[in-house]
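K.L.:
Below are the sequence and a predicted model for it; my questions follow.
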Amino acid sequence: MQHSSKPVLFAALLGAICTTLAPAMASDIVPTPKQSRSVLIKNATVHTVSQGVLSNTDVLIENGKITAVGPQLTSQANSATAETSDTQVVDASGKHLYPGLIALDTSLGLVEIEMSRPTVDNAEVGYINPQISTATAYNADSELIPTIRFNGITHAQIVPSGDGIAGQSVLVDLDAWTIEDALTPSAGQFHVYWPQIKRMPEDEKKKAKAIEKNQQAIDQLNIAFEDGYRYFLSDKASGKDNKDEDPQSATNNLRWQAMLPLYQGKATLFAHADSVGQIEQVIALTKKYQFKLVIVGGYDAWRLASSLREVKAGVIYPHTLSLPKRKDEPVDLPFKIPSLLANAGIPFALGFSSDWNSRNLPYAAGYSAAYGLTPEQALKSITLDAAKLLGVEDLGAIAVGYQGSVVLSEGDILDPMTNKIEAIWIEGRQIDLNNRHQQLYQKYLKR
């Protein structure tokens, strides 16, 4: 009888924890229904990204797509509608219209409260997990999402954390009921965290042991990629699904089956690596298997420009607001690296490796504009260039045929002093800008 009370006590405790955490894990902001009315935004300063900045320009959005861009659009501008009773007309005189920003390398929707383990689901147990997708854990109802999009971010790449082959990421829009609603079609995205010795011990024995352990981790990755390649060759030769092989190898089959798009050239390898040594090892792996490659981190990527150009690799750089990684480096080097990448001719985009803090993405781009990038390059690095690295061709610019995901701001979206977001449309639907921060501000304003 004594031990019979333990399940009851455990259930009560678990219930109490869930009850306590539930309000913190769900947003009360209702997603906007699919666009039903055309949207005509008039007289804006339009930052097209692809065609420069256009003054006093109108933008027409219909059925989730941009259908016209130009001055004084009327009903004749498109075969559908413009200024009719079925059109939402927005006077944007004196205001700036931008493409929706794309936050790369985030754990948004996977982490709610960093210090509360039950609300953290950004990593899986194990070292080789190519079959894992963040889509299975993404919380479209996260309380953090409305606070992120308030700064003009309409889409985010949801990335798994961990060591080794951590799994696959997805691209989502930030106004949805479920992951099915949120998913934005993009190329496959596999993530590998390349091993590194974070801090080399001074003791010779400990140093040798750290080097050995690091090499073992690298060898384990090389074996996994070779196994995946052999499975790819077998699948290609047989011309049929290999899932029905020996049941004892079912786990391995699940892994290597998931990796087939990577070897087929239909997916991209996102390799998290910063140092010259790490990046060189990743490039060697890429050459061996002919992977499409994006370096995530890329602190030293500008030093290996010719090698990266040779394999046509891109870079997601998330360290703009970080300190230098080495004691003898200039304190402002992390701010300058985006311009060094641009000058080296390496395709790149800015990321922000965080959950709630990814809201600072536009300001990180603003810093890079103050340290070598032009404002146009900085904006492009978090819109069109970000979309291209994800294999998305109709996102990140204001042009005919692109998604109607745009942001209306009173000032410069990259400047925290003048940026004032007034409206956001995601695929033509105007979203609610209310969020937890706004609610708390109004609450304590009345105290």
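P.N.:
Sure, I can see it. It should be emphasised that the depicted structure is a prediction, and the values quoted were computed from it without experimental measurement. Residues are numbered from 1 along each chain as shown.
K.L.:
Mind pulling up the pLDDT for S186?
P.N.:
On pLDDT, S186 comes in at 95.
K.L.:
Residue numbering should commence at 185 henceforth.
P.N.:
Done: numbering now begins at 185, and the last item shifts to S370.
K.L.:
Low-confidence bits of this structure, can you list those?
P.N.:
Judged against pLDDT under 70, the low-scoring parts of the chain cover residues 185-210, 258-269, 424-436.
K.L.:
all strands for the stretch 385-534 of the chain, in order.
P.N.:
451-457, 476-481, 498-501, 532-534 (DSSP state E, counting those that start in this stretch).
K.L.:
which one of those strands is the most hemmed in?
P.N.:
strand 532-534 (a mean of 29; mean count of other C-beta atoms under 10 Å). In this view, the C-beta of every residue, glycine as well, is placed from N, C-alpha and C.
K.L.:
Report all helices and strands that that one contacts.
P.N.:
strand 285-290, strand 498-501, helix 517-527, helix 545-554, helix 568-573 (3 or more C-beta pairs under 8 Å, 6 or more residues apart in numbering; DSSP states H and E).
K.L.:
Would you mind saying which of those lies nearest V309?
P.N.:
Among the helices and strands packed on strand 532-534, the nearest to V309 by C-beta to C-beta is strand 285-290 (21.7 Å).
K.L.:
between that closest one and strand 451-457, what angle do the directions make?
P.N.:
Orientation of strand 285-290 against strand 451-457 (axes from the mean of the first three to the mean of the last three C-alpha atoms, to 10 degrees) gives an angle of 70 degrees.
K.L.:
just to revisit the earlier point, may I see the strands of the stretch 385-534 of the chain arranged in JSON lines, with distance to V253 as well?
P.N.:
Below are the strands of the stretch 385-534 of the chain laid out as JSON lines (distance: least, C-beta to C-beta, whole Å):
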{"stretch": "strand 451-457", "distance to V253": "30"}
{"stretch": "strand 476-481", "distance to V253": "30"}
{"stretch": "strand 498-501", "distance to V253": "27"}
{"stretch": "strand 532-534", "distance to V253": "23"}
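K.L.:
How about V356: what's its closest non-neighbour residue?
P.N.:
Closest residue in space to V356, ignoring its immediate chain neighbours: A366 at 3.9 Å, by C-beta to C-beta, 6 or more residues apart in numbering.
K.L.:
next one: G236
P.N.:
In space, G236 is closest to E560, 7.5 Å off (C-beta to C-beta, 6+ apart).
K.L.:
Buried residues in the top helix by length along the chain, which are they?
P.N.:
Of all the elements of type helix in the chain, the one with the most residues (DSSP state H) is helix 388-422. Using 16 or more other C-beta atoms under 10 Å as the test for burial, helix 388-422 gives A394, A401, Q404, L405, A408, F409, G412, Y413, Y415, F416, D419.
K.L.:
can you pull out the helices in this protein?
P.N.:
So, for the chain - with DSSP H - the helices run 189-205, 328-333, 363-366, 388-422, 434-447, 460-473, 489-494, 517-527, 545-554, 559-564, 568-573, 620-629.
K.L.:
Mind putting these into a markdown table with distance to T303?
P.N.:
Below are the helices of the chain laid out as a markdown table (distance: least, C-beta to C-beta, whole Å):
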| stretch | distance to T303 |
| --- | --- |
| helix 189-205 | 6 |
| helix 328-333 | 10 |
| helix 363-366 | 17 |
| helix 388-422 | 29 |
| helix 434-447 | 27 |
| helix 460-473 | 31 |
| helix 489-494 | 37 |
| helix 517-527 | 30 |
| helix 545-554 | 22 |
| helix 559-564 | 33 |
| helix 568-573 | 27 |
| helix 620-629 | 15 |
